[in-house]
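K.L.:
mind folding the following:
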Amino acid sequence: MQNTHLRSYVKKHPDNKMAWYLLGKEYLNEGQEAKANYCFQQAGEVYEAFERSKAPADIWVDYQNKLVEAAEQKEKKRRMRKMWLTLLMLLMLAGLPPADAPGFARDAGDALAAALDSAEDEEAAAKDQDAAAALQASNTFTAAGFGGGSLGEGALASAMSDANEGVRTTAVLGMKASGDWMLWKRDMPVKYIVQTTGKGRLTAQSYDPKQCECEPPDVSNKIKQLAQAWTEKQESAAALSSAIASYHKKNGAWPKSLGNLTRPFPNNILGETMPGMSEMFPELLALNQNANASNPSGGKQGNGGDTDSRAGVFGDTLGGQPFLQERLRIVVDKKKHRLAVISGTTIIRNYEVGLGGERTPEGSFAISDKVVNPNGRSDGEFGTRGMQLSDTNYAIHGTNEPDSIGLDESLGCIRMSKGDVEELFALAPQGTPVQIGNDLLPEETLVPGDKERYRDTLVPKQNNPNKTYHWLN
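P.N.:
So this is what the prediction gives:
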C-alpha cells in the first residue's frame, strides 16, 4: 500500500498512534529510517507493544488496509450526505412551506440536521469544538427575486451548498419580481437566513410570514445594518466595474489605478468616488480582464476564476464575487416617463423623468460628455448635471422647471430632478449604454431617501469651460 494514504490519514487524525506505527513500518520498508523512527516515536506504547509481540505481519497489514478503507468510506459518506441534504431541501421547498412553518415536516428537518450531527465521530466533534472557539463569526449576503412564483429557491440552495466552517450566517435578501425584472432596493427585507454552527450543523429560517404562514422571529438590527451596507457596496462595485469596462473600450487599454478613472473633464469616466473603491479596484479589474479574455466581443461578465476567495474584498458576498456583475446600462421608457439604471435583469434605480414626447428620439446611445453645471452655474436650465448622448444635441440633465417631471414639455432631452440627476451622474460612468423606447420598464419607482442616495466625493474639475451646451431642452 502506498504510504500517501496513511500520510493523509495521519494528518486528519494525529492522535491515532496505531496509524503512526503503520506509517513508520511503511517508511522502514522503503529504507527511510529517519522518517520511520519519527513515526515510531509518535506511536509511543503502540510501537512498544507491537514490536515485542509475536503477531504475524499480515495482521497489522490487514488492520492498515481497514484503517484507510474506513477513512475513505467516511469521506464518501460525508459527500453523499451533503448532496442529499441539498436535494432534500430543494424538494421540500418545491412542495412544502419554509422551515418553522406550522405544518412543516419538522421531523424531516430535524432528521436532516441529526444526520449531519451523528455522522461526526467523537474525535471530529472534539476537534470542531476546539476550532469553534477560534472561529470568528462571519456574515455573507446574496439576493433573489420573490414573487411571480419565485421564492428564491436557487439562492437558498446556493447558500446551503456553500455553507462550511468559514461561513456562519448567510442572509438571502428579497428583491421584488416585476415581470422579467428584479427590483433592487437599499432596504430589501431578509427572506432567509442559513446558519452553520461550530459542529457543522446547518439550519435555515424563513423570515417571510406570507411564505411560512407563521410569525417569524425578528431579524437582528446587526443583520439589517450589515445588509444595507452590503447593498450600498454592491452599487459602488457595479459603478466601478462599469467604469473599468468603459475605460478599456475608450482607450484600448486597462486602467492602472482608480486615479485613471477620476480625472478632470473630459476624462472623468467616474463622476464620484465612494469609500472602498481603491480596495475593490484590483479584484474588479481582474474580473473585467477575465471576462474580456473569455468573451472579447463583450456581453455578460463571467466569474473571475481565481478571484473567488472569501478572504477577498467580496468575502461578504455569497460566492466571493460582486453580486451585480453585468455592466450598468440605462433604459428610458417614454410611455411611462421612467429612466432606470440596470445590471442584467436587476433594476437598481427607476426614476420619474420629463421628456419631449415624439421629440425624444428612440434607439441606442451612450453617455459621452459628463458635465457639472453645464450652463456654467448650478441654477441654469440644465441644472447641476448633464450627460450628453453620443455627441448629439440630446442629453440627460437637470432642470430649473421641476414641475415638468413626468410630462412631455422638453424639446427632446430627458429632464430629471436635482437629487435624481446627481445620483445618476455618480452611478453611471462615461460610456454607459442608453436605450430609449416604449413599454420597457415597470411603473414602480425605485428611489432611495435623501440620506441613502448614492453619492460621496465629487471628482474635481468636471465642468467644461471651453464649451457652451445647447441641448434640446
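
K.L.:
OK, contacts around residue 278?
P.N.:
257-258 (CB atoms under 8 Å, 6 or more residues apart in numbering). For glycine as for every other residue, the C-beta is placed from the backbone atoms N, C-alpha and C.

K.L.:
same thing but 10 Å
P.N.:
Residue 278 is in contact with 240, 257-259, counting by CB atoms under 10 Å, 6 or more residues apart in numbering.

K.L.:
who wins for neighbours among the residues you listed?
P.N.:
Neighbour counts for the contacts of residue 278, by other CB atoms under 10 Å, peak at residue 240, which reaches 26 neighbours.

K.L.:
circling back to that earlier point, out of the contacts of residue 278, which is nearest to residue 318?
P.N.:
For the contacts of residue 278, the residue nearest residue 318 by CB to CB is residue 240; the value is 19.9 Å.

K.L.:
quick check, that closest one in a helix?
P.N.:
Yes: when DSSP: H, G, I helix; E, B strand; the rest coil is applied, residue 240 is found to be in a helix.

K.L.:
my guess is it contacts residue 271, does it?
P.N.:
No: contact criterion CB atoms under 10 Å: residue 240 and residue 271 do not qualify, at 11.9 Å.

K.L.:
overlap in contacts of the two?
P.N.:
Residues touching both residue 240 and residue 271 (CB under 10 Å, 6+ apart) are 261, 429.

K.L.:
can you lay out the contacts of residue 278 as CSV showing secondary structure and distance to residue 382?
P.N.:
As requested, those are exported to CSV (DSSP: H, G, I helix; E, B strand; the rest coil; distance: CB to CB, whole Å):
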residue, secondary structure, distance to residue 382
240, helix, 27
257, coil, 32
258, helix, 28
259, helix, 28
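
K.L.:
tell me which two of those residues sit farthest apart.
P.N.:
Across those, the longest distance by CB to CB is 12.6 Å; it joins 240 and 259.

K.L.:
how many neighbours does the nearest residue to residue 7 once chain neighbours are set aside have?
P.N.:
In this structure, residue 7 finds its nearest non-sequential neighbour in residue 23, 6.6 Å apart by CB to CB, 6 or more residues apart in numbering. Number of residues near residue 23 (other CB under 10 Å) recorded here: 25.

K.L.:
state the helix or strand in which residue 23 lies.
P.N.:
Using DSSP states H and E, residue 23 maps to helix 17-29.

K.L.:
after that helix, heading C-terminal, what element do we hit next?
P.N.:
helix 33-43.

K.L.:
please enumerate the shared neighbours of residue 240 and residue 259.
P.N.:
With CB under 10 Å, 6+ apart as the test, residue 240 and residue 259 both reach 273, 278, 281.

K.L.:
the residues you listed in strands, which ones?
P.N.:
Among the shared contacts of residue 240 and residue 259, DSSP state E puts residue 273 in strands.

K.L.:
can you redo the shared contacts of residue 240 and residue 259 as JSON lines with pLDDT?
P.N.:
Output for these, formatted as JSON lines (pLDDT from 0 to 100):
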{"residue": "273", "pLDDT": "95"}
{"residue": "278", "pLDDT": "95"}
{"residue": "281", "pLDDT": "97"}
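
K.L.:
let me have the shared contacts of residue 240 and residue 259 in a markdown table, adding distance to residue 208 as columns.
P.N.:
Putting the shared contacts of residue 240 and residue 259 into a markdown table (distance: CB to CB, whole Å) gives the following:
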| residue | distance to residue 208 |
| --- | --- |
| 273 | 36 |
| 278 | 38 |
| 281 | 37 |
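
K.L.:
over to residue 338: give its phi and psi.
P.N.:
Per-residue torsions, residue 338: phi -130, psi 150 (degrees, to the nearest 10).

K.L.:
against residue 140, how distant is it?
P.N.:
Distance of residue 338 to residue 140, computed by CB to CB, to the nearest Å: 33 Å.

K.L.:
coming back round to it: tell me the angle the helix holding residue 23 makes with helix 33-43.
P.N.:
Going by axes from the mean of the first three to the mean of the last three CA atoms, to 10 degrees, helix 17-29 is angled at 170 degrees with respect to helix 33-43.
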